[in-house]
Structure formats: C-alpha cells, structure tokens
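Chemist: Predicted model, plus sequence, below.
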Amino acid sequence: MAGLDPEAFEELFASEPSNRAASEATTWVALYESLIDMMERQLEETRAFLSRAPEAIQQYLSRENIAILEQEIDAFKSRLAHWSNAGATIE
C-alpha cells in the first residue's frame with residue numbers, strides 16, 4: 001500500500017469482527033463486494049474522463065487518483081478474499 005495511509009487501513013480492518021462465523025463472513029463479503037464494485041466504477045469513470053482531459057489533468061489523475069484507487073481496490077480485494085475464505089472454511 002505504498003502511498004496510502006496504512007493507519008487508515010489498519011483502523012478499518014481492526015474494526016472488522018474477530019468472529020469469523022458464517023453469518024459475519026457473508027456480511028463482510030457482501031460489503032467488500034459492493035465497495036469494490038463502486039470503486040471500480042469510479043476508476044472506470046476516471047479513466048474515461050482522462051481521455052478528454054488536458055495533459056496536466058491527465059498526469060495528475062494518473063499519478064494521484066488512478067494510482068490510489070488501484071491500490072485501495074487491491075487492499076479491499078485482499079479483505080474480500082480473507083472473508084470469502086472465512087465463510088468457505090466455516091461452511
């Protein structure tokens with residue numbers, strides 16, 4: 001998570017329940033799936049806008065917004081895998 005505030009992710013992930021019961025896993029899988037879907041739509045819209053934007057904005061968005069969204073999506077996909085595996089292990 002280079003470039004991202006690791007403390008924010010640590011706080012977020014620490015807020016997840018320690019109970020890996022199937023019902024908790026199902027809830028967290030759904031939450032992370034929705035979050036990832038939303039962020040992927042945002043990434044797609046940003047990339048589409050990029051093609052119409054002046055060079056300076058393209059550079060900024062590529063360096064800042066797109067890179068950060070990609071890193072965040074990867075982090076949330078990791079948590080999705082964690083909870084998906086928790087649900088599969090329990091069931």
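Modeler: Looks like it arrived, so ask away.

Chemist: What is the burial count for A86?
Modeler: 19 (other C-beta atoms under 10 Å). Every residue, glycine included, has its C-beta placed from N, CA and C.

Chemist: in which helix or strand would I find it?
Modeler: A86 is part of helix 67-90 when elements are defined by DSSP states H and E.

Chemist: who are the neighbours of that helix, in terms of helices and strands?
Modeler: Secondary-structure packing of helix 67-90 (3 or more C-beta pairs under 8 Å, 6 or more residues apart in numbering; DSSP states H and E): helix 22-50.

Chemist: State the distance from I66 to M39.
Modeler: 11 Å (C-beta to C-beta, to the nearest Å).

Chemist: sorry, that was for P6
Modeler: In terms of C-beta to C-beta, P6 sits 18 Å off from M39.

Chemist: neighbour-wise, which of these two wins?
Modeler: M39 (16 against 10).

Chemist: Now do the contacts for the residue nearest to that one when sequence neighbours are not counted.
Modeler: Distance criterion C-beta to C-beta, 6 or more residues apart in numbering; nearest residue to M39, sequence neighbours excluded, is I73 at 5.2 Å. For I73, the contact set (C-beta atoms under 8 Å, 6 or more residues apart in numbering) comprises I36, M39, E40, L43.
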